[in-house]
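Participant: 3D, please:
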Amino acid sequence: KQFDLKVRGEDKSLLTWDQLAINQIKVAQGIKEISVAEVVLEQPFADIEINSQAQLNLSKMIKPQLKATDHNEAQGSASGSANKAPSIFPVHVGEVKVVNGRMFFADYSLPIQFATKIHDLNGRVSELDSTSKVPAKLSLKGVINEYGSANIQAESTFFDLANHSTFDIQFKNLSLKNLTPYAAKFAGYRIEEGKLSLGLKYDIQKGQLAATNNVLLDNLTLGETFDSPDAPSLPLSLAISLLKDSDGKIELDLPVSGDLTAPEVSIGGIVGKALVSVITSVVTSPFRFIGNLVGFSGDDLSRLPFESGLSALTPPAKERLDALAKALAKRPQLKLEITGCFSEPTDQKALRDVLFEAELEAMLAGLKAQKNAVKNKQQLAMRKLYAKHYGVEAIDALELSHTKKGEGANLVLDEAAYYADMKQKLFETIILGEGALSKLATARASEILNYLKAHGKVTPNQLKLEEVEEGADQAGDVVCELDLTT
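Facilitator: Numbers count the residues shown, from 1 in each chain. Got it, this is the predicted structure:
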């Protein structure tokens, strides 16, 4: 009763309990066996702390081992039989009960100190046997801080955990703000608010781990950044906005496996790598991720094709914008950056083509109004335009340059080459107005913006117009790139 374990010279208790009852103890010395029917531990308390030098306080309870040379000297006078390692008593415990336990855990090695309390801890371990291959069963439940809960169910050969162990661990409604010290160290952010629930299922057989980790983050809100060398260089804010659904929840399933017999491998390390892998995949291909949310595959969701010289949306562009509208409705924290674009060589030629055709059509309209008897008014219109820009003498010169000797002494005009050359020279007279390409790019951005506003449930604050820029040519189209941010 009233057990209190302290480190010599210190006042703080490491381990206490109100009462420890050990029922039906049997010791068979002939075969060196200890058997206990039941152990009941009432109101135990454990204080587990990691100091600023990353040293565990419980390590103070362990007496340092003798160095090999000191050990040999100490054993030098012993008999030869004493050199053999003493055999360990086989131990069997029918059941261990924990009643109203408490635990305090603190980690002062973190940049921001962390502490948490577990209380109302109740449970049992049954059939602990150091010689049996039959796994013992553990059931433990408790309350974490004020509103969180823990439920641990396990089967294991506890004297050889790596040989056979299964764990089903459920943590629910944990305050994420309390985890700020770990978030600051390993993620580079403080946490303003949010709740965490974890479902961890581990199956360990002969050192091989197969596990599933279900992580549910509710209303996770990041605070200010924290400079930490241990934090990965990933845009975590974007990852959270991509993963968080319209109800403010992030749910991750992390299946992992690994060889726990390798000295450099640990469960925490395996799960950590899996989590970083998921986040990396999301932030490096954000449009692929949100496309999958609405059944759109591939990375093309971020690329909108336009016909050269035109601002009207093409059918492929509309298909992608429809998918984007649905995805943005599912991820209300995301913002779409819309950048109008142009391609100088492709769009410039297309715009000049439009102006040339307009000028030619105007000339044709004038000829039709005069009821001219010329059969090919298109060619007549081109000659008149040419004379307008270059003079009448230039028409004769151009015609002469495309006239060749035919049969006999006849001269023959190569009309195809003549009119092609004429068109090219007329095309060179077309000059685009100042800022024509920028205006085209702006018009394309407006088409994208207006389409998204008119379709789906995208909120205005999710759409942001950026400065126009030069886009890329692809199969005759001009492709504008979109971007996601928070």
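Participant: contacts, neighbours, all on C-alpha from now
Facilitator: Noted.
Participant: quick one: residues contacting residue 149.
Facilitator: Residues near residue 149 by C-alpha atoms under 8 Å, 6 or more residues apart in numbering: 141, 142, 143, 170, 171, 172, 173, 174.
Participant: and the next helix or strand past whichever strand or helix holds it?
Facilitator: In this assignment (DSSP states H and E), residue 149 forms part of strand 148-156. Remark: after strand 148-156, the chain's next helix or strand is strand 164-175, criterion DSSP H and E.
Participant: and the residue lying closest to residue 124 once chain neighbours are set aside, helix, strand or coil?
Facilitator: Leaving aside its chain neighbours, residue 124 sits nearest to residue 97 (4.4 Å; criterion: C-alpha to C-alpha, 6 or more residues apart in numbering). Here residue 97 is recorded as strand under DSSP: H, G, I helix; E, B strand; the rest coil.
Participant: neighbours of residue 97, just the number please.
Facilitator: Counted with other C-alpha atoms under 10 Å, the neighbours of residue 97 add up to 20.
Participant: and the residue nearest the centre of this structure?
Facilitator: Nearest to the mean C-alpha position of the chain, by C-alpha atoms, centre = their mean, lies residue 279 at 2.4 Å.
Participant: where does the prediction get shaky in this protein?
Facilitator: Within the chain, the stretches with pLDDT under 70 are 29-31, 60-88, 158, 262-271, 298-299, 369-375, 408-409.
Participant: and the longest helix for it?
Facilitator: In terms of residue count, the longest helix belonging to the chain (DSSP state H) is helix 344-369.
Participant: related to what we said a few turns ago, between the contacts of residue 149, which is nearest residue 180?
Facilitator: Nearest to residue 180 among the contacts of residue 149 is residue 174, at 12.2 Å by C-alpha to C-alpha.
Participant: give me the beta-bridge partners of the closest one?
Facilitator: Beta-bridge partners of residue 174, counted by DSSP bridges, are residue 196.
Participant: now swap in residue 221 and tell me
Facilitator: Beta-bridge partners, per DSSP bridges, of residue 221: residue 193.
Participant: quick one: it from residue 173, how far?
Facilitator: Counting by C-alpha to C-alpha, to the nearest Å, the gap from residue 221 to residue 173 is 15 Å.
Participant: what do you get for residue 90?
Facilitator: Per C-alpha to C-alpha, residue 90 is found 41 Å from residue 173.
Participant: got it, and residue 428?
Facilitator: 71 Å.
Participant: out of the two, which sits in the more crowded spot?
Facilitator: Between residue 428 and residue 173, counted using other C-alpha under 10 Å, the more crowded position is residue 173 (19 against 10).
Participant: let me see the contact set for residue 367.
Facilitator: Taking C-alpha under 8 Å, 6+ apart as the test, what residue 367 contacts is 377, 381.
Participant: sec struct for residue 296, please.
Facilitator: Taken by three-state DSSP, the conformation at residue 296 corresponds to coil.
Participant: do the same with residue 316
Facilitator: Three-state call for residue 316 (three-state DSSP): helix.
Participant: next: the one 3 residues further on.
Facilitator: Local secondary structure at residue 319 is given as helix here, using three-state DSSP.
Participant: from here on, call the first residue 24.
Facilitator: Sure, I'll start numbering at 24, so the last one becomes residue 342.
Participant: that one: neighbouring residues, count only.
Facilitator: Neighbour number of residue 342 under other C-alpha under 10 Å is 14.
Participant: next one: residue 126
Facilitator: 18.
Participant: for whichever strand or helix holds it, packing partners?
Facilitator: With secondary structure defined by DSSP H and E, residue 126 is part of strand 114-130. Here strand 114-130 touches strand 56-65, strand 68-73, strand 137-152, going by 3 or more C-alpha pairs under 8 Å, 6 or more residues apart in numbering; DSSP states H and E.
Participant: and that strand, what's buried?
Facilitator: Neighbour counts over strand 114-130 (16 or more other C-alpha atoms under 10 Å) mark 114-127, 129-130 as buried.
Participant: got it, and stretch 143-161?
Facilitator: Buried-residue list, stretch 143-161, by 16+ other C-alpha under 10 Å: 143-153, 158-161.
Participant: next: stretch 70-77.
Facilitator: 70, 71, 72, 73.
Participant: the first one contacts residue 36, doesn't it?
Facilitator: Read that as residue 70. Yes. With contact defined as C-alpha atoms under 8 Å, residue 70 and residue 36 form a contacting pair (7.0 Å).
Participant: show me the strands in the stretch 274-423 of the chain, by range?
Facilitator: Secondary structure of the stretch 274-423 of the chain by DSSP state E, counting those that start in this stretch: the strands cover 326-330, 358-365.
Participant: that older thread, measure how the strand holding residue 126 sits relative to strand 137-152, angle-wise.
Facilitator: Note on geometry: by axes from the mean of the first three to the mean of the last three C-alpha atoms, to 10 degrees, strand 114-130 and strand 137-152 are set 170 degrees apart in direction.
Participant: what comes into contact with strand 114-130?
Facilitator: Outside strand 114-130, the residues touching it (C-alpha under 8 Å, 6+ apart) are 56-75, 77, 136-154.
Participant: could you dump the buried residues of stretch 70-77 into CSV with distance to residue 185 added?
Facilitator: Formatted as CSV, those follow (distance: C-alpha to C-alpha, whole Å):
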residue, distance to residue 185
70, 26
71, 24
72, 26
73, 25
